[in-house]
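[1] pasting the structure only:
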């Protein structure tokens, strides 16, 4: 039997002299499946990498928001007259019926971040000499500083991360009338 003018045993083969196809016995199909498998594996690695990068950036954002909340708590506590003029230490979580902690909470877009319950305190360290950085600007015989140790923990969205901030702040006052002028950081 002939197939388009060729004998049946030569169908699909290429004769080197006339350029006709030889029988490839499915090599192209196997090669295509191997390439498809390799491309699928590469695609899975790319998807895994991008998912990991998204998780990393989400965690970074959460930790930044936690730090901002803690930083906001420090600034709030140093600007709050009730805290600054108290003679003792203030627990930001429980003192004044917990009103201080409620005021510290910060909204960032759709997320609310704030303080974790626990050891969030403003400790009055008492009066002392001016910080060395400010001694040149103000006469130490006329001005003094009251020091505060502020310890706060900020929480990120859904409490996925937290940031602990401990800093010493100094409130500058005029010695003769105790009027406050400014707050400086020394921690």
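    Yes, it's here. Quick caveat: nothing in here was measured; it's all calculated off a predicted structure.

[2] Average pLDDT for the lengthiest helix in the chain, rounded please.
    Determined from DSSP state H, the single longest helix within the chain is helix 27-79. Averaged across helix 27-79, pLDDT comes to 91.

[3] Could you do stretch 88-96 as well?
    Averaged over stretch 88-96, pLDDT sits at 81.

[4] Between its first and last residues, what's the separation in that stretch?
    Start and end residues of stretch 88-96 are separated by 13 Å (C-alpha to C-alpha, to the nearest Å).

[5] what does stretch 47-67 contact?
    Stretch 47-67 has contacts (C-beta atoms under 8 Å, 6 or more residues apart in numbering) with 108, 111, 113, 154-158, 160-163, 165. (C-beta placed from N, C-alpha, C; glycine too.)

[6] Are any of the residues you listed buried, and if so which?
    Among the contacts of stretch 47-67, those classed as buried by 16 or more other C-beta atoms under 10 Å are 113, 154, 155, 156, 157, 161, 162, 163, 165.

[7] Quick one: distance of the longest helix of the chain to the chain centre.
    Averaging C-alpha positions (C-alpha atoms, centre = their mean, to the nearest Å) puts helix 27-79 14 Å from its chain's average.

[8] quick one on the thing from earlier: looking at the buried ones among the contacts of stretch 47-67, which has the smallest pLDDT value?
    Confidence by pLDDT is poorest for residue 113 among those, given 70.

[9] Give the bridge partners for that residue, please.
    residue 106 (DSSP bridges).
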